[in-house]
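Peer 1: predicted structure and sequence below. I'll ask about it afterward.
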Amino acid sequence: MPSSRITGSGSALPKRVVTNAEMATMVDTSDEWIVERTGIRQRYIAGEGETTSTLAIEAARNALDDAGLTSADIDLIVLATATPDNTFPATATKVQHALGCHGGIAFDVAAVCSGFLYALTTADSLLTTGMAKRALVIGAETFSRILDWEDRTTCVLFGDGAGAIVLESPDVSNPAQEGGPGVLASRLHADGAQHDLLYVDGGPSTTQTVGHLRMRGPEVFKHAVVNLASVLHEVIEDAGISSDQIDWIVPHQANKRILDATARKLKIGPERVVVTVDQHANTSAASVPLAFDTARKDGRIKPGDLVMMEAMGGGFTWGASLIRM
Ligand code: ACO
């Protein structure tokens, strides 16, 4: 089956950096605790005028420039977020209007931290079945707006940001060829029975409020390591490769200890894992494309590389995609 390929990437971060030292002035925590338990050293927090859509638009423009395309080339926008500008319409339609894309398809995907994997897989399906030719796949979040800033067990973990890729249908990019670039295999999963381990305690149809993020961190941690290892093995098997052929793992950046444990289970050395959690903290759906763009722009991820993206988040939802660059 011909597959769509990534031809550009971009990202965006809010202006304000908040260090662990600054967090320690807000809640009873310390730089030592946060670094030791999570690997996080700082996060970016959206200020006045910065929203999920403004970050998404900046990331999307950077991705278009990188791909050498204009907004007129885009006929599909899939935006993953759990923190939309408004309950409706979809933030993707705001991005579409701001970029000047006319017609085409634009919608949001809600799968929290694995939202980007859900968005990528959905866009890939629409492109390979001929529904669209060129897609912007975006992960964008302002989790700072749903945090309980008095709850030290959650507020130190998250940050804001956006990442985007341009994904092109096999019809418009070079014809698919053996060993050529493209999305090689993807798997998605969900388990609604785990709702209470990670959720937001508000919403339009229940409390008519936005609500705050609630998480039972240690339980989420245990599920994350098991679920991620399992979905990674599925994708490796589907693609018919072995884990030592993977050049880079681009994981969801929730916690450095989860990244290390997952890589160990796959017998992949830490030098092949892209880590940005120290700089960005957990930016939910934005974390995978932000990390991917960082490693592409600094020259680590190169054409021809085999890249595994993976994430797990509220729902629970989880998934992974193997991509040849
Ligand atoms: N500063 C200082 N102490 C703290 C802090 C803090 N910020 N937060 C908690 N503590 C204390 C706790 O109260 C506890 O104290 P006690 O022993 O006196 O009761 C102690 O530190 C240990 O707390 P734990 O929660 O057991 O710490 P743990 O090592 O499990 O780390 C963490 C917590 C970082 C949340 C970890 O469990 C984790 O990363 N979980 C996974 C999160 C994740 O992967 N999320 C993914 C999806 S996110 C999404 O979808 C939106």
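Peer 2: Received, thanks. Residues are numbered from 1 along each chain as shown.

Peer 1: are stretch 220-239 and the ligand in contact anywhere?
Peer 2: Yes: on the criterion CB under 6 Å from any ligand atom, stretch 220-239 is in touch with the ligand at Val220, Phe221, Ala224. C-beta: built from backbone N, CA, C; applies to glycine.

Peer 1: dump those residues to CSV, plus secondary structure, pLDDT and distance to Ser9.
Peer 2: Listed next are the residues of stretch 220-239 next to the ligand as CSV, based on DSSP: H, G, I helix; E, B strand; the rest coil; pLDDT from 0 to 100; distance: CB to CB, whole Å:
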residue, secondary structure, pLDDT, distance to Ser9
Val220, helix, 95, 28
Phe221, helix, 93, 29
Ala224, helix, 93, 25
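
Peer 1: what's the spacing between Ala285 and the ligand?
Peer 2: 9 Å (CB to the nearest ligand atom, to the nearest Å).

Peer 1: same question for Glu32.
Peer 2: The value you get for Glu32 to the ligand, if CB to the nearest ligand atom is used, is 9 Å.

Peer 1: for that residue, the count of nearby residues, please.
Peer 2: With neighbours defined by other CB atoms under 10 Å, the count for Glu32 comes to 10.

Peer 1: mind checking the SS state of it?
Peer 2: Look at Glu32: counting by DSSP: H, G, I helix; E, B strand; the rest coil, its state is helix.

Peer 1: flag every residue of the chain that's near the ligand.
Peer 2: So far as CB under 6 Å from any ligand atom goes, the chain lies against the ligand at 29, 33, 37-38, 112-113, 152-153, 156, 198, 217-218, 220-221, 224, 254-255, 258, 282, 284, 313-314.

Peer 1: rerun at 5 Å
Peer 2: 29, 33, 37-38, 112-113, 152-153, 156, 217-218, 220-221, 224, 254-255, 313-314 (CB under 5 Å from any ligand atom).

Peer 1: from the residues of stretch 220-239 next to the ligand, which is closest to Thr128?
Peer 2: Closest approach between these and Thr128, by CB to CB: Ala224, at 29.4 Å.

Peer 1: please enumerate the helices of the stretch 201-325 of the chain.
Peer 2: Counting by DSSP state H, counting those that start in this stretch, one finds helices in the stretch 201-325 of the chain at the ranges 217-239, 256-265, 277-280, 287-297.

Peer 1: would TSV of those helices with distance to Ala162 be doable?
Peer 2: Shown next, in TSV, are the helices of the stretch 201-325 of the chain (distance: least, CB to CB, whole Å):
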stretch	distance to Ala162
helix 217-239	23
helix 256-265	21
helix 277-280	11
helix 287-297	7
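
Peer 1: can you say which of the ones you listed is packed in most?
Peer 2: With neighbours defined as mean count of other CB atoms under 10 Å, the helices of the stretch 201-325 of the chain peak in mean count at helix 287-297, which reaches a mean of 26.

Peer 1: for that helix, packing partners?
Peer 2: strand 5-12, helix 52-67, helix 115-128, strand 134-142, strand 160-168, strand 248-251, helix 277-280, strand 306-313 (3 or more CB pairs under 8 Å, 6 or more residues apart in numbering; DSSP states H and E).

Peer 1: and the end-to-end length of stretch 309-321?
Peer 2: Start-to-end span of stretch 309-321 (CA to CA, to the nearest Å) is 5 Å.

Peer 1: in the protein, which ranges drop under the pLDDT threshold?
Peer 2: Applying pLDDT under 70 to the chain flags residues 1-2, 173-178.

Peer 1: quickly compare the helices and strands packed on helix 287-297 and say which is most buried.
Peer 2: Greatest average neighbour count among these goes to strand 134-142 (a mean of 32), per mean count of other CB under 10 Å.

Peer 1: and the next helix or strand past that strand?
Peer 2: Once strand 134-142 ends, the next helix or strand along the chain (criterion: DSSP states H and E) is helix 152-155.

Peer 1: let's see that next one as CSV, backbone CA atoms only.
Peer 2: The C-alpha trace of helix 152-155 is given here as CSV (Å, rounded to 0.1, in the frame of the first residue of the first chain):
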residue,chain,number,x,y,z
ARG,A,152,2.1,20.4,43.0
THR,A,153,1.6,16.8,41.9
THR,A,154,0.4,18.0,38.4
CYS,A,155,1.3,21.7,37.8
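
Peer 1: and it, how far out from the chain's middle?
Peer 2: Between the centre of helix 152-155 and the centre of its chain there are 21 Å (CA atoms, centre = their mean, to the nearest Å).

Peer 1: next one: whichever residue of the stretch 101-250 of the chain sits closest to the ligand from Leu127, what distance?
Peer 2: Nearest to the ligand in the stretch 101-250 of the chain, going by CB to the nearest ligand atom, is Gly217, at a distance of 2.7 Å. Distance, Gly217 to Leu127, by CB to CB, to the nearest Å: 37 Å.
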